[in-house]
Every structure is written in structure tokens, then in C-alpha cells.
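> The amino acid sequence is not available; the structure is as follows:
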Ligand code: AMO
């Protein structure tokens with residue numbers, strides 16, 4: 001039976017025969033012996049030593065099966081354990097031109113992502129990601145929300161027409177979903193609080209370090225909630241995911257050199273900042289915003305918060321903050337108007353600390369059929385495409401709301417990644433659809 005390297009590295013195995021399967025991660029051939037650092041299929045490594053004649057044909061990334069005796073040797077890398085190899089079975093001798101070495105450009109690593117996935121950095125990130133997804137799901141399951149699945153092929157825009165991916169759907173035009181929200185809204189009427197984890201697609205035309213064309217979207221929707229209820233759900237969810245992830249993935253975060261002192265302190269409540277106050281703060285800091293023609297001006301009420309504004313608001317905070325009450329003019333058609341504050345939406349975004357930017361967005365939904373139809377038209381969308389959605393306002397409409405969390409945005413913050421592309425195995429952007 002094959003064992004993983006992480007199991008072998010314990011006193012229990014000293015002197016015992018084990019079998020490890022994996023790939024040649026590093027290779028040092030000396031006169032008498034070959035020192036083979038074997039990487040297993042969970043990214044762990046252990047040194048295996050063979051007489052040189054047995055291992056002469058090995059190359060980096062050759063796939064092998066090693067049988068041998070576990071010994072302890074302080075000189076062995078990665079913890080002082082090694083395997084004195086008895087048998088070596090070779091599955092495949094890798095080509096000698098393996099393109100991933102120690103120093104590579106980011107572009108090459110993206111071009112060769114199918115191979116770069118074998119790098120220990122990528123394995124660490126993938127493990128953290130699996131844990132983030134695991135606890136994201138668990139929070140909802142444990143809190144009594146029901147998992148549902150929304151379609152990916154849809155007829156209507158949720159987040160504006162400019163980022164829609166068109167698709168030929170038999171004899172008509174359809175789109176890739178930007179968000180499950182409208183479908184989740186349809187499900188709360190019979191299923192109560194629901195959530196989904198599906199890919200969302202955005203034809204983002206600009207290259208940024210926080211936008212992907214395809215991202216993992218954790219979304220939730222519930223009937224009879226207030227905006228404050230939704231904020232509480234989000235701060236609990238994010239805190240729960242972070243605390244469990246840093247506990248279970250301490251080794252991987254350490255490998256990535258992520259300092260987790262601040263992450264340890266993430267717990268509810270998160271500060272709530274009104275949009276007005278946010279604009280005041282940004283103004284007082286003298287931050288200028290860049291207009292479409294490249295010229296700069298002072299930020300004013302009615303402007304959306306871009307990454308620079310978000311960075312300004314969060315550069316000195318250690319916990320996420322909510323910006324609450326955006327003007328309706330900069331929010332999509334479904335955002336409910338605040339009856340106490342006309343023109344303002346009952347919506348909020350969660351901004352991660354230290355400039356990582358928006359990680360969730362959500363709020364209450366407009367539940368009045370007349371207002372929402374007008375808003376759909378105002379956005380230049382065709383109400384006919386929202387027929388079914390408008391039915392929800394016609395047959396037993398209720399106050400309701402929800403939010404969407406971008407898994408890669410959360411991952412970027414947790415792993416302290418420079419670029420969002422680092423948080424996903426095979427990123428999709430305007431300039432990249434392979435591998
Ligand atoms: P929004 O468009 O703000 O809102 O998206 C919600 C969250 O999804 C993430 N996100 C992205 N992540 C990576 N690449 C992108 N291009 C990208 N775009 C968005 C962000 C963002 O906060 N239906 C609404 C939410 C709601 O009101 O329920 C929506 O999709 O983390």
C-alpha cells in the first residue's frame with residue numbers, strides 16, 4: 001500500500017518498509033548515490049536515496065514508485081526523514097525540457113499552469129481554497145440554509161449588459177450567468193433561506209488584479225430579512241471561514257509567508273460606514289479619481305467607489321468594513337430604495353482590509369412591481385427578458401434580500417496574493433482562456 005509522505009515523516013515509521021508514489025521534484029546525482037526528492041500527489045515531499053545505477057535515468061517530474069526503509073537523517077531536507085530506496089519502479093521518464101524551474105516569469109507560469117499546478121506554492125493555495133470552500137458551505141449548512149443550484153445558461157443580465165458573455169443557444173441568443181441571484185430569489189418563496197456556489201461569468205474588459213472572467217460565486221438569499229440581518233450573516237460567514245481556514249491551513253499559510261496575526265482577530269462585528277461618510281473620508285484625504293478621458297478630479301457624491309477609493313478607506317483597518325447605503329444611481333435595478341432616504345439603496349458592500357477591496361455585495365431587493373419594472377427599463381434592459389422575474393413581484397411578493405461573495409476575492413485577501421489569478425488553478429481573463 002502506498003503511503004503519503006506526510007504520514008511517513010513520523011517516528012512510527014522509522015526502520016519500516018514503505019512504498020511512496022510520486023514525481024521527481026528535485027534530483028541530485030552524485031558518484032555513488034542519487035538523492036531524489038519525491039513529491040506525492042498531495043504536494044508533500046520526502047528524500048529518497050538510491051544507488052546511482054538504479055536511478056541514473058531519472059529526470060525531473062518522472063513518475064516513480066519507491067519502496068524502501070524509513071530512516072532519520074538530520075541532513076535530509078524537509079524534516080530530517082528519508083527513505084533508503086530498495087526498489088524503484090518507473091512509470092514514465094519525463095522529457096528533459098521540463099519548463100518549470102526555480103525562476104520563471106509570471107506569464108510563463110500562467111502559460112504552463114497545467115504543469116505549474118505541481119509547484120508547492122500552487123498546492124498550498126489549492127489546499128487553502130478547498131478549505132475556504134468547505135467552510136463556506138459548512139456555515140450555510142450548519143445555519144440551516146438550503147443549498148440550491150441555479151442555471152448557468154440564462155436569458156437576462158443581472159449585473160448590467162456590458163459584461164455579458166453571449167452564447168448561441170440553439171436558435172436563440174443566451175448568456176452565461178453573471179450571478180445566481182434572480183434564480184435564488186425565485187426559490188426563497190418555497191425553500192426559505194437558500195444558497196448556491198456556482199461559477200459566475202463577467203466579460204471584464206480591463207486587466208486588473210482583482211477581476212476574473214469566471215469566478216466562484218457563493219450567493220445567498222432569504223425572505224423577510226432586514227439589511228442588518230444580511231450584514232450579520234456576512235460578517236459571521238466570513239469570520240467563520242477565516243478562523244477555520246487559518247487553523248486548518250496554518251502550514252500552507254506559513255509556506256506562503258502569510259502573516260496571520262491580523263486574520264486571527266477577524267470576528268464580528270465589522271464596522272458599518274455610510275456611503276456619504278465614505279465619500280467625505282476619501283475627499284478629506286485628497287484622493288483624486290481618474291475620469292474616462294484620463295483627467296483627474298475630486299470624488300463627489302454619486303461616484304462609485306473604485307479600487308483606489310476602497311484602498312483609501314481600508315488601508316489602515318485590520319478588519320473588513322461595510323459601506324452601506326449607496327445611491328441607487330450606481331447600483332443595479334434590483335436594489336431596494338430606502339423609504340426613509342429617497343435615492344439611496346438598501347445595499348452594502350464588504351471591503352476587505354488593507355486595500356484588498358470589495359469581497360461581498362448585497363442588500364434588500366426592490367419588491368414593488370411598478371418600481372422594479374421602471375428600473376429595468378431605465379437600465380436599458382428589456383422587461384420582456386424578466387417576465388418570470390417580475391412574476392415574483394406579482395404573486396406574493398415579500399421583503400427579501402441576499403448577497404454574493406467572490407471566493408477568489410476572499411482568497412486573495414486570505415493568502416495575501418498580489419493578483420487574483422493566483423487564487424484559482426486555471427484563471428480566465430480577457431487575455432487568457434488556455435490552458
Ligand atoms: P457583484 O457584481 O458585486 O454583485 O458581485 C458580487 C461579488 O462577486 C465578486 N466579483 C468578482 N470576483 C472576481 N472577478 C470578477 N470579475 C468579479 N465580479 C464580482 C466580488 C463581488 O463582491 N448579484 C449581486 C450580489 C447581490 O446583490 O446579491 C452581484 O453579483 O466579490
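In hand now; what should we look at? Everything numeric in this text was worked out from a predicted model, so none of it was measured.
> Could you use CA atoms for every contact and neighbour count after this?
Will do.
> can you pull out the strands in the stretch 1-150 of the chain?
17-29, 33-39, 45-51, 63-72, 81-92, 146-147 (DSSP state E, counting those that start in this stretch).
> who does the first one touch, helix- and strand-wise?
Other elements packing on strand 17-29 under the criterion 3 or more Cα pairs under 8 Å, 6 or more residues apart in numbering; DSSP states H and E are strand 33-39, strand 63-72.
> where does the closest residue to the ligand within the stretch 1-150 of the chain land on pLDDT?
In the stretch 1-150 of the chain, no residue comes nearer to the ligand than residue 150, which is 12.6 Å away by Cα to the nearest ligand atom. If you check residue 150, the pLDDT there is 98.
> for residue 304, same thing?
Per-residue pLDDT puts residue 304 at 92.
> Quick check: it touching residue 328?
No - if you go by Cα atoms under 8 Å, residue 304 and residue 328 don't touch, sitting 10.6 Å apart.
> So between the two, which is more surrounded?
residue 328 (21 against 16; other Cα atoms under 10 Å).
> That one and the ligand, how far apart?
13 Å (Cα to the nearest ligand atom, to the nearest Å).
> Also residue 265?
Distance from residue 265 to the ligand, by Cα to the nearest ligand atom: 21 Å.
> Show the model's pLDDT score for that residue.
97.
> ok, it - contacts?
Taking Cα atoms under 8 Å, 6 or more residues apart in numbering, we find residue 265 in contact with residue 319.
> what residues does the protein put near the ligand?
Counting by Cα under 6 Å from any ligand atom, the chain comes close to the ligand at 159, 179, 181, 202, 211-213, 215, 358-363, 402-406, 409.
> So which of the residues you listed are in helices?
181, 409 (DSSP state H).
> can you redo the strands of the stretch 1-150 of the chain as JSON lines with mean neighbour count, mean pLDDT and distance to residue 430?
JSON lines is the format used below for these (neighbours: other Cα atoms under 10 Å; pLDDT from 0 to 100; distance: least, Cα to Cα, whole Å):
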{"stretch": "strand 17-29", "mean neighbour count": "20", "mean pLDDT": "96", "distance to residue 430": "33"}
{"stretch": "strand 33-39", "mean neighbour count": "24", "mean pLDDT": "97", "distance to residue 430": "34"}
{"stretch": "strand 45-51", "mean neighbour count": "24", "mean pLDDT": "96", "distance to residue 430": "36"}
{"stretch": "strand 63-72", "mean neighbour count": "21", "mean pLDDT": "97", "distance to residue 430": "35"}
{"stretch": "strand 81-92", "mean neighbour count": "19", "mean pLDDT": "97", "distance to residue 430": "36"}
{"stretch": "strand 146-147", "mean neighbour count": "16", "mean pLDDT": "98", "distance to residue 430": "31"}
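> Ok, which of these comes nearest residue 131?
Among the strands of the stretch 1-150 of the chain, the nearest to residue 131 by Cα to Cα is strand 146-147 (18.0 Å).
> Thought residue 217 was touching residue 407, still the case?
Yes - here residue 407 reaches residue 217: they are 6.1 Å apart, a contact under Cα under 8 Å.
> I would like the residues contacting the strand or helix carrying residue 183, please.
In the assignment (DSSP states H and E), residue 183 maps to helix 181-191. Defining contact as Cα under 8 Å, 6+ apart, one finds that helix 181-191 is touched by 146, 148, 150-151, 158, 194-195, 219-223, 389, 392, 402-404.
> Mind listing the strands the worst-scoring helix or strand of the chain on mean pLDDT pairs with, and their directions?
Ranked by mean pLDDT, DSSP states H and E, the weakest helix or strand in the chain is strand 288-290, scoring a mean of 83. Strand 288-290 has the following strand partners under DSSP bridges: strand 296-298 (antiparallel).
> pLDDT averaged over the partner strand - what is it?
90.
> And for that strand, what's in contact with it?
283, 286, 287, 288, 289, 290, 291.
> is it fair to say the second one lies in a helix?
To tie it back to what came earlier, the one meant is residue 286. No - the assignment for residue 286 by DSSP: H, G, I helix; E, B strand; the rest coil gives coil, which leaves it out of any helix.
> Give me the phi and psi for it.
Main-chain dihedrals, residue 286, degrees, to the nearest 10: phi 80, psi 20.
> Spatially, and excluding backbone neighbours, which residue is closest to it.
Closest residue to residue 286 apart from its sequence neighbours, by Cα to Cα, 6 or more residues apart in numbering: residue 298 at 7.3 Å.
> any idea how far that neighbour is from residue 291?
10 Å (Cα to Cα, to the nearest Å).
> Residue 205 now?
For residue 205 relative to residue 291 (Cα to Cα), the value is 17 Å.
> Isn't residue 288 up against residue 299?
Yes - here residue 288 lies in contact with residue 299, judged by Cα under 8 Å, at a distance of 6.3 Å.
> ok now do residue 40, which residues does it touch?
Contacts of residue 40 by Cα under 8 Å, 6+ apart are 4, 5, 20, 21, 22, 23.
> what are the ranges of the helices in this protein?
Using DSSP H, helices in the chain cover 5-8, 52-55, 106-111, 113-116, 120-142, 181-191, 227-248, 250-255, 261-264, 275-284, 307-314, 369-378, 387-394, 407-415.
> Please spell out which residues along the longest one are buried.
Yep, that's helix 120-142 we're talking about. By 16 or more other Cα atoms under 10 Å, the buried positions in helix 120-142 come out as 120-129, 131-133, 135-140.
> Same question for the second one.
For helix 52-55, the buried set under the neighbour-count rule, 16+ other Cα under 10 Å, comprises 52, 55.
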